[in-house]
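Q: 3D, please:
(3 chains)
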Amino acid sequence: MLASLFVDAFRFIPDNAGLLLNKTAELAELAFTALGIAILIALPLGLWLGHRHRGLFVALAVSSAGRALPSIAIIGFFVAILGVGFWNNAVALVVLGIPPILTNTFFAVEGVDPDAVEAARGMGLTEEQILTRVELPLGLPLILAGLRIAAVFVIATATIAGIAGGGGLGEIIANQAAYGLPGVLAAALCVSAVALLTAAALALAQRAAFRRMAPTA
Amino acid sequence: MRTEAAELVFDEATKVYPGRESAAVDHLSLTVPAGEICVLVGPSGGGKTTALKLVNRLIPLTSGDIRIDGTSILEQDVVELRRSIGYVIQQVGLFPHMTVEGNIGTVPRLYRRPRSWIKARSAELLELVGLDPSYAKRFPAQLSGGERQRVGLARALAANPPLMLMDEPFGAIDPIVRARLQDEFLRLQKEIRKTVVFVTHDVDEAIKVGDRIAILREGGRLAQYDTPQQILEHPADEFVAEFVGRDRALKALALRTLGELELSPATEDGLPRLPADTSLRDALALLVAERRNALLVIGADGAPLGVATREDLLA
Amino acid sequence: MTGWRLADGGPVIPNFGHGSECLRDNGWLCTSWVRQHWGDILQPALVQHIELTLIAVGIGFAIAFLLALVGFRWRVFDPPLGAFTDILYTIPSIALYQLLVPVTGLTVTTIEIALVSYTLFVLYRNIVAGLRAVPPEVLESARGMGLTRRQTFLRVELPLAAPAILAGLRVATVATISIATVAAFLIYYGLGGPIFDALGQPDIFRTELLASGGLAILLALSADALLALLQRALTPWSRLR
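A: Numbering: from 1, shown residues only, chains lettered A, B, ... in the order given. You can find the predicted model right below:
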């Protein structure tokens, strides 16, 4: 039964390649827009707070509150405010994507060896130079790990947006009546593929960042 | 549990790591008499630590044998063997989730000793290693490096093992604290009289703590096994002489005290006075610093014992 | 726009109760509605949600622990097991629910299976990482003192991994409470019930959305705080480092 479902799903993919590509592109547009905005907000904030060694409480609160937010309620909340469309979902995903990026960036910079920072200050680097040339490269692996968590989460949640008029693969997944179970499975496989590819790309970047820090390891 | 010290014999003990051509420890034969401290010393690559870990079978022997009180380590159950040997390492390896008392009680608990016994034993051992009994409830993270090593020593002594293995126990501790720990360890050893195998890369530490020193050279071969005095005064070859240092004559002076000299009767007034237990090296340093040729040796009660001259010290 | 719920399409039963002014304006949080429907909507949903979470985290922990033992003891199995939990985590929940329906039907079991599979991702990683993080010198001294492999695991490795394991349990519990709200896509169960109910109204029923969503957040934060306290109580030594 399960096997035949997979067979049907794999038949669905070539038969509806155009539709799936279209919907994957929509999902990617929504998820990456939200991710981009989340990065633009959370990254500088995390860097600044971490550099100043301030806001530990904020970082911890954002991290637990972020995990506590029920995605469907957040999406619904922004539908109630912004109506149905692209931006209600994008804003909800931004809200859900910020916490892991902010907390990881904060702890990445906050945890940089204070001796290295002091040495840099002693060598006459400005605060901005310390942040960009010492703390950012040293904290990069952890920052990228945060990005990875946020990316997988935002992509998976973007499918839920499908039931709130966000389009994308979620629209297929939420409409078994029209596309059948094989269609649902095929679309789910596409979502997993996008999530795994994004995670793999960020994992590679993370590994490269690690290797640059410890060439012998 | 045996309480008395045990005699330890290395008999052609050899270790070749898999995939390596040369041996790490090469036909090592030596006997550590019961109750003595044997220091394994040598350059890195000399196989000191490997030789030590062969004894409690953390590293398996390739060939040869090691016997404790005549019984081969290969004939004993490995877990029982390890529980009957105290083991102290440089990084201490205290269990961070247990209190000091919990750490000390680890092996006694395995022997199902009652709680009250462990409590009493831990208090006794803390005192023995020079820590206040109030340390019992602390966690390792609340201790300094020196205190941690003391607890490590107490933990190794908990089951009253007849043999102790110590792998650079003071290696990670700053020089001032290290000297104090060495002194206290020697005082402790006078009380408990264990057989100890002690690994270090520091010749001065070896000379200070060892009843006997085994110098291992590259490839794990024994270069010389003798008392510190003999090694300093009669190094077996160029390698040993080079290893113990060009100042070995001075180091030898450090091993003897003024009390061991034949003193001449006091005739001169105003000589610097030094107690009889001062080392010849320190006495010489004083003479050089004060530009004097002789000093007055005094007893523990302050009474003059006699005069020692520069020539006497260097004879 | 498709329906909010899998079985959408039937007539929507409104939950407005007596139409106070606040409700007629669809206000953000009408306390009268909350008071009136605490007993028949919110409280049962909350209890169901707690049940869902406890069972999912409990079973998820048991499975993750066994998998982690395998991945820890035999290193070769760690990458495939890690990848397996990763992939499970990327499957969109609303898809997973539907895929399970032909097998387990429109039941709570279906929801639990999905929730359990999402907990594995966090729990597996944290348990393995915690066990691996035991310092080598601690393991060496345990071995040197004559602890058997089993004793080393039970007395040294497991207690030392406890902070990481409990941290994983915290994250997994909070995440499960959040994800479980989506379960109502399938059947009216847990706090997702009233949330989807509110979303299904022609003009989103704000009070019900905010009240039930807020309850889910409160539940998650309370669970987080409770587990943090448990973590402190069980591993007093871990705060000293």
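
Q: measure how buried residue 61 is and give me the count.
A: Answering for chain A, as no chain was given. As a burial measure, residue A:61 scores 14 neighbours (other C-beta atoms under 10 Å in any protein chain shown). From N, CA and C alone the C-beta is placed, and that goes for glycine too.

Q: actually it's chain C I care about, not the one you picked
A: Counted with other C-beta under 10 Å, residue C:61 comes out at 21.

Q: and what of residue B:300?
A: Residue B:300: 9 neighbours (other C-beta under 10 Å).

Q: over to the one 3 residues further on?
A: For residue B:303, the number of neighbouring residues by other C-beta under 10 Å comes to 7.

Q: quick check: it vs residue B:30, distance?
A: Residue B:303 sits 44 Å away from residue B:30, going by C-beta to C-beta, to the nearest Å.

Q: for residue B:269, same thing?
A: 52 Å.

Q: residue A:59 too?
A: 59 Å.

Q: what about those two, which has more around it?
A: More crowded of residue A:59 and residue B:30, by other C-beta under 10 Å: residue A:59, with 21 against 16.

Q: which residues does the more buried one contact?
A: Counting by C-beta atoms under 8 Å, 6 or more residues apart in numbering or on different chains, residue A:59 makes contact with A:46, A:49, A:102-103, A:106-107, A:110.

Q: grab the nearest non-local neighbour of residue B:9.
A: residue B:67 (4.5 Å; C-beta to C-beta, 6 or more residues apart in numbering or on different chains).

Q: helix or strand: which one has the one you found?
A: If you go by DSSP states H and E, residue B:67 is part of strand B:63-68.

Q: what's the spacing between the helix or strand just after that strand and its chain's center?
A: Per DSSP H and E, the first helix or strand lying C-terminal to strand B:63-68 is strand B:71-72. Per C-alpha atoms, centre = their mean, to the nearest Å, the displacement of strand B:71-72 from the mean C-alpha position of its chain is 24 Å.

Q: right, and the helix or strand after strand B:71-72?
A: Of the helices and strands lying after strand B:71-72 in sequence (DSSP H and E), the nearest is helix B:78-83.

Q: could you confirm whether that following helix reaches chain C?
A: Yes. Applying C-beta under 8 Å from any C-beta of the partner chain, one finds helix B:78-83 in contact with chain C at B:78-83.

Q: name the helices or strands packed onto the strand holding residue B:67?
A: strand B:8-15, helix B:48-55 (3 or more C-beta pairs under 8 Å, 6 or more residues apart in numbering or on different chains; DSSP states H and E).

Q: can you lay out these as JSON lines showing distance to residue B:38?
A: Output for these, formatted as JSON lines (distance: least, C-beta to C-beta, whole Å):
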{"stretch": "strand B:8-15", "distance to residue B:38": "8"}
{"stretch": "helix B:48-55", "distance to residue B:38": "10"}
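
Q: from the residues of helix B:78-83 next to chain C, which would you call buried?
A: By neighbour count, with 16 or more other C-beta atoms under 10 Å in any protein chain shown, these hold B:78-79, B:81-83 as buried.

Q: and the furthest pair within the residues you listed?
A: Farthest-apart pair in those is B:78 and B:83; separation 9.8 Å (C-beta to C-beta).

Q: which neighbours do those two share?
A: Counting by C-beta under 8 Å, 6+ apart, the residues touching both residue B:78 and residue B:83 are residue C:146.

Q: now the helices for the chain?
A: Using chain A. In chain A, helices defined by DSSP state H lie at A:2-15, A:17-52, A:56-68, A:71-82, A:86-110, A:114-122, A:127-130, A:136-160, A:169-173, A:176-213, listed in chain order.

Q: switch to chain C, please.
A: Under DSSP H, chain C gives helices at C:21-24, C:31-37, C:43-73, C:78-90, C:93-104, C:108-132, C:136-144, C:149-151, C:158-179, C:192-200, C:206-234.

Q: ditto for chain B
A: Using DSSP H, helices in chain B cover B:48-55, B:78-83, B:100-104, B:106-110, B:115-128, B:145-157, B:175-192, B:203-209, B:228-233, B:238-244, B:248-254, B:280-290, B:310-314.

Q: give me the number of residues near residue 84?
A: Answering for chain A, as no chain was given. Residue A:84 has 14 nearby residues by other C-beta under 10 Å.

Q: meant chain B, my bad for not saying
A: Using other C-beta under 10 Å, residue B:84 has 20 other residues around it.

Q: for it, give its distance to residue B:159.
A: Plainly put, residue B:84 is 7 Å away from residue B:159 if you go by C-beta to C-beta.

Q: please apply the same query to residue C:110.
A: According to C-beta to C-beta, residue C:110 and residue B:159 sit 56 Å apart.

Q: what does residue A:24 give?
A: Computed as C-beta to C-beta, the residue A:24 to residue B:159 distance reads 66 Å.

Q: hang on, residue A:66 packs against residue A:96?
A: Yes. Using C-beta atoms under 8 Å, residue A:66 is in contact with residue A:96, at 7.3 Å.

Q: per-residue confidence at the residue most central in space within chain C?
A: Residue closest to the mean C-alpha point of chain C, counted by C-alpha atoms, centre = their mean, is residue C:176 at 1.3 Å. Predicted confidence (pLDDT) for residue C:176: 91.

Q: and the gap between the residue nearest the centre of chain A and residue C:188?
A: Closest to where the C-alpha atoms of chain A average out (C-alpha atoms, centre = their mean) is residue A:151, at 2.0 Å. From residue A:151 over to residue C:188 the distance is 32 Å, taken as C-beta to C-beta.

Q: how about residue A:107?
A: Relative to residue C:188, residue A:107 is positioned 40 Å away (C-beta to C-beta).

Q: these two: which has the busier surroundings?
A: residue A:107 (20 against 15).

Q: quick revisit: highest average neighbour count across the helices of chain B?
A: Across the helices of chain B, averaging neighbours per residue (mean count of other C-beta atoms under 10 Å in any protein chain shown) puts helix B:100-104 on top, at a mean of 25.

Q: give me the neighbour count for residue C:103.
A: The number of residues packed near residue C:103 is 11, by other C-beta under 10 Å.

Q: mind checking pLDDT for the closest residue to residue A:138 other than its chain neighbours?
A: The shortest distance from residue A:138 to any non-neighbouring residue, by C-beta to C-beta, 6+ apart, is to residue A:112 (4.7 Å). In this model, residue A:112 is scored at 85, pLDDT.

Q: do I have it right that residue A:112 meets residue A:135?
A: Yes. If you go by C-beta under 8 Å, residue A:112 and residue A:135 touch, sitting 4.9 Å apart.

Q: can you pull the contacts of the most centrally placed residue in chain B?
A: Taking C-alpha atoms, centre = their mean, the centroid of chain B lies closest to residue B:209, which sits 4.3 Å from it. Residues in contact with residue B:209 (C-beta under 8 Å, 6+ apart) are B:37, B:39, B:182, B:185-186, B:198, B:200.

Q: residue A:146 now?
A: So residue A:146 contacts A:100-105, A:108 (C-beta under 8 Å, 6+ apart).

Q: mind putting those residues into JSON lines with distance to chain B?
A: What follows is those, written out as JSON lines (distance: C-beta to the nearest C-beta, whole Å):
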{"residue": "A:100", "distance to chain B": "29"}
{"residue": "A:101", "distance to chain B": "32"}
{"residue": "A:102", "distance to chain B": "30"}
{"residue": "A:103", "distance to chain B": "25"}
{"residue": "A:104", "distance to chain B": "26"}
{"residue": "A:105", "distance to chain B": "28"}
{"residue": "A:108", "distance to chain B": "24"}
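
Q: right, and out of these, which lies closest to residue C:48?
A: Set against residue C:48, the nearest of the contacts of residue A:146 by C-beta to C-beta is residue A:100 (28.4 Å).

Q: residue B:109 and residue B:118 touch, don't they?
A: Yes. Distance between residue B:109 and residue B:118: 6.8 Å, which falls inside the contact criterion (C-beta under 8 Å).
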